[in-house]
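Student: pasting the sequence and the predicted model now:
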Amino acid sequence: MKTVAQCFVYVSKIDGKWIAVIIDENERIVSLSLPKGSEGEAVYEAKRVAVANVSYKFRSEMDPSTRRVGREVVEFINSYIKGDKPKITFKLNVEGLTKFMNKVLAIVSSIPRGFVTCYGCVAEVIENPYACRAVGRALAMNPWPIIIPCHRVVKSDLTLGGYRGGLDMKRELLRIEGVAVTLAGRVLPAHFLEARRLRELSRDAGEKLLTS
DNA sequence: TCGACTATTTGTT
DNA sequence: AACAAATAGTCGA
């Protein structure tokens, strides 16, 4: 069953890069792009990672409060990239997420700043220990990069794995958070969270972000 | 390094 | 609805 959402695409340019944010009629964030070279690329990526289970109707006119939410999101990303620790002041539209996706994102959002875990550990925590690849796939489609810190998930051998915004960006985000990445592209074991610890953290955190 | 194996999603029929 | 293809991975030989 498909729900329908009336959506608006908010686009903004910061430091020469474009960011697109898709916002629904209830002012919740459907998805966003990472900073891109052109407006078209940004919009394309935001649409691509919007939850597939929902069909979207796009409107170009948006009211001032919707525009304000868009500004807040872009400002959040912008200040995060600059090394600040902005607060989340907006809601995410999580309605169309599959159970699997919801669990994966909830766990990932409980990884604290300054730590990483691996794809297999996330799989283990959702009691689906062989689903490491599926976890990677789910994260590749993360509708809310940076807000849900999928850059904190690396391979079990401590090399970086992948990132939609490119590995340089993953590196940079981790560096900002105090996670050293060696020249060979590995994170230090000191920052690594094992599955057991990750499970405890995700239990404590609940699923705040993902229950709007 | 290479292959076998995995779970899920997406695209195609 | 069913099937095939594609993965931001992992483990062992």
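Tutor: In hand now; what should we look at? Residues are numbered from 1 along each chain as shown, chains lettered A, B, ... in the order given.
Student: map the structural domains onto the sequence of chain A.
Tutor: A:3-92, A:99-210 (automatic domain parsing).
Student: what mean pLDDT does the last one get?
Tutor: Per-residue pLDDT values over domain A:99-210 give a mean of 93.
Student: first-to-last residue distance for it?
Tutor: Its start and end residues considered, domain A:99-210 measures 11 Å (CA to CA, to the nearest Å).
Student: give me the distance from that domain to the chain's centre.
Tutor: Relative to its chain's centre, domain A:99-210 lies at 10 Å (CA atoms, centre = their mean, to the nearest Å).
Student: could you check whether the host helix or strand of residue A:11 is close to DNA strand B?
Tutor: Secondary structure from DSSP states H and E places residue A:11 in strand A:3-14. No - against DNA strand B, strand A:3-14 shows no contacts by CB under 7 Å from any atom of the strand, the least distance being 14.7 Å. From N, CA and C alone the C-beta is placed, and that goes for glycine too.
Student: state the distance from residue A:6 to DNA strand C.
Tutor: Look at residue A:6 and DNA strand C: by CB to the nearest atom of the strand, to the nearest Å, they are 26 Å apart.
Student: got it, and residue A:185?
Tutor: The value you get for residue A:185 to DNA strand C, if CB to the nearest atom of the strand is used, is 12 Å.
Student: hang on, that residue packs against residue A:158?
Tutor: No - between residue A:185 and residue A:158 there is no contact, the gap being 9.0 Å when judged by CB atoms under 8 Å.
Student: which one's more surrounded, these two?
Tutor: residue A:158 (19 against 13; other CB atoms under 10 Å).
Student: surely the more buried one is in contact with residue A:186?
Tutor: Yes - if you go by CB under 8 Å, residue A:158 and residue A:186 touch, sitting 4.6 Å apart.
Student: which other helices and strands contact the strand holding residue A:11?
Tutor: Strand A:3-14 makes packing contacts with strand A:17-24, helix A:39-48, strand A:54-59, helix A:64-81 when contacts are defined by 3 or more CB pairs under 8 Å, 6 or more residues apart in numbering; DSSP states H and E.
Student: okay, these, which one's buried deepest?
Tutor: When these are scored by mean count of other CB atoms under 10 Å, the highest mean neighbour count falls to strand A:17-24 (a mean of 24).
Student: identify all contacting residues around that strand.
Tutor: A:5-13, A:29-39, A:41-43, A:45-47, A:50, A:56, A:62, A:66, A:69-70, A:73-74, A:77, A:93 (CB atoms under 8 Å, 6 or more residues apart in numbering).
Student: let's see it at 6 Å
Tutor: With CB atoms under 6 Å, 6 or more residues apart in numbering as the test, strand A:17-24 has contacts from A:5, A:7-12, A:30-33, A:35-36, A:39, A:42-43, A:46, A:50, A:66, A:69-70, A:73-74, A:93.
Student: burial of the residue of chain A found nearest DNA strand C, as a residue count?
Tutor: Nearest residue of chain A to DNA strand C: residue A:162, at 2.0 Å (CB to the nearest atom of the strand). As a burial measure, residue A:162 scores 15 neighbours (other CB under 10 Å).
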